[in-house]
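Undergrad: Model the following, please.
(chains A and B)
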Amino acid sequence: QKEVEQDPGPLSVPEGAIVSLNCTYSNSAFQYFMWYRQYSRKGPELLMYTYSSGNKEDGRFTAQVDKSSKYISLFIRDSQPSDSATYLCGGGSNYKLTFGKGTLLTVNP
Amino acid sequence: DVKVTQSSRYLVKRTGEKVFLECVQDMDHENMFWYRQDPGLGLRLIYFSYDVKMKEKGDIPEGYSVSREKKERFSLILESASTNQTSMYLCASHGSPTETQYFGPGTRLLVL
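TA: Numbering: from 1, shown residues only, chains lettered A, B, ... in the order given. The predicted model follows:
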């Protein structure tokens, strides 16, 4: 079993939709969790990261971690065409990160 | 803001050439990383360094070496490039354990 599993999509939604991106993980040693956004042919850009179970909100983005079920989610409210990108989830322990393979999201105007 | 820069955005090299990819970070981070990213395979760790002149192998070090002579600079070396090293190469740096990694813009390498 991969340490971080992520549905690769692709996911296509209309502008304004609520998007839910999900990952599961198996490594109980993960101390923190993160979401990166990667536009085509660019490097990953840190979107959110969190240490604890529960929700963390930043504007239209909410990251949710449930350590008991080893589930990581990212919710995007009022999605925009500019949100079209690949989203990478991951978990980290000290300096070592493990990533999912990414979900390709397209938001259609 | 953390700034991680990579020397080239695009590179085209011939099989057998020696290739240098350079990465510089401006945040005085001790830890630096090299990944490659391929469709369907995600991000895979090649090497990392936790201090000047220190290095550790990642998950796929074969065919690569690294150099860290200064804290801000981490180089990835392909001793003899092969076509299966065609990929997107990403450098990252990491500060304290309470932070996470910051990536550079990537270098797309094509080996012909």
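Undergrad: which parts of chain B sit against chain A?
TA: Neighbours of chain A within chain B, by Cβ under 8 Å from any Cβ of the partner chain: B:4, B:31, B:40-43, B:45, B:48, B:50, B:88, B:90, B:94, B:97-98, B:100-106, B:108. (Glycine included, C-beta is placed from N, CA and C.)
Undergrad: List the residues that contact the residue most central in space within chain B.
TA: The residue lying closest to the centre of chain B (Cα atoms, centre = their mean) is B:W34, at 2.9 Å. Going by Cβ atoms under 8 Å, 6 or more residues apart in numbering or on different chains, B:W34 touches B:21, B:23, B:45-48, B:58, B:64, B:66, B:74, B:76, B:89-91.
Undergrad: Identify the bridge partners of A:E45.
TA: A:R37 (DSSP bridges).
Undergrad: Check the one 10 residues further on too.
TA: The residues paired with A:N55 through beta bridges, assigned by DSSP bridges, are A:Q64.
Undergrad: I figured it hits A:D66, correct?
TA: No - the pair A:N55 and A:D66 does not pass the contact test of Cβ atoms under 8 Å, sitting 10.1 Å apart.
Undergrad: if you average pLDDT over stretch A:35-48, what comes out?
TA: Stretch A:35-48 shows a mean pLDDT of 94.
Undergrad: my bad, should have said stretch B:17-29
TA: Stretch B:17-29 comes out at a mean pLDDT of 95.
Undergrad: Dihedrals phi and psi, the residue of chain B most remote from its centre?
TA: Here chain B reaches farthest from its C-alpha mean at B:T98, the gap being 22.2 Å by Cα atoms, centre = their mean. Torsion angles at B:T98 (phi, psi; degrees, to the nearest 10) stand at phi -80, psi 0.
Undergrad: So which of the contacts of B:W34 is the closest to A:F99?
TA: Nearest to A:F99 out of these is B:L45 (Cβ to Cβ; 9.4 Å).
Undergrad: what's the helix or strand where the closest one lies in contact with?
TA: Using DSSP states H and E, the element containing B:L45 is strand B:42-51. Residues outside strand B:42-51 that contact it (Cβ under 8 Å, 6+ apart) are A:44, A:88, A:95-96, A:99-102, B:30-38, B:55-61, B:64-66, B:68, B:71, B:74, B:76, B:90.
Undergrad: Kindly format the C-alpha coordinates of it as PDB.
TA: Output of strand B:42-51 as PDB, limited to C-alpha atoms (Å, rounded to 0.1, in the frame of the first residue of the first chain):
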ATOM      1  CA  GLY B  42       4.300  11.600  -8.800                       C
ATOM      2  CA  LEU B  43       7.200  13.200  -6.900                       C
ATOM      3  CA  ARG B  44      10.100  10.900  -6.100                       C
ATOM      4  CA  LEU B  45      13.000  11.900  -3.900                       C
ATOM      5  CA  ILE B  46      16.500  11.600  -5.500                       C
ATOM      6  CA  TYR B  47      18.800  13.000  -2.800                       C
ATOM      7  CA  PHE B  48      18.600  15.400   0.100                       C
ATOM      8  CA  SER B  49      21.100  17.300   2.200                       C
ATOM      9  CA  TYR B  50      20.800  18.300   5.800                       C
ATOM     10  CA  ASP B  51      23.900  20.400   6.000                       C
END
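Undergrad: which secondary structure elements does the helix or strand just after it contact?
TA: Following strand B:42-51 in sequence order, the next helix or strand is strand B:54-57 (DSSP H and E). Applying 3 or more Cβ pairs under 8 Å, 6 or more residues apart in numbering or on different chains; DSSP states H and E, one finds that strand B:54-57 contacts strand B:42-51, strand B:64-70.
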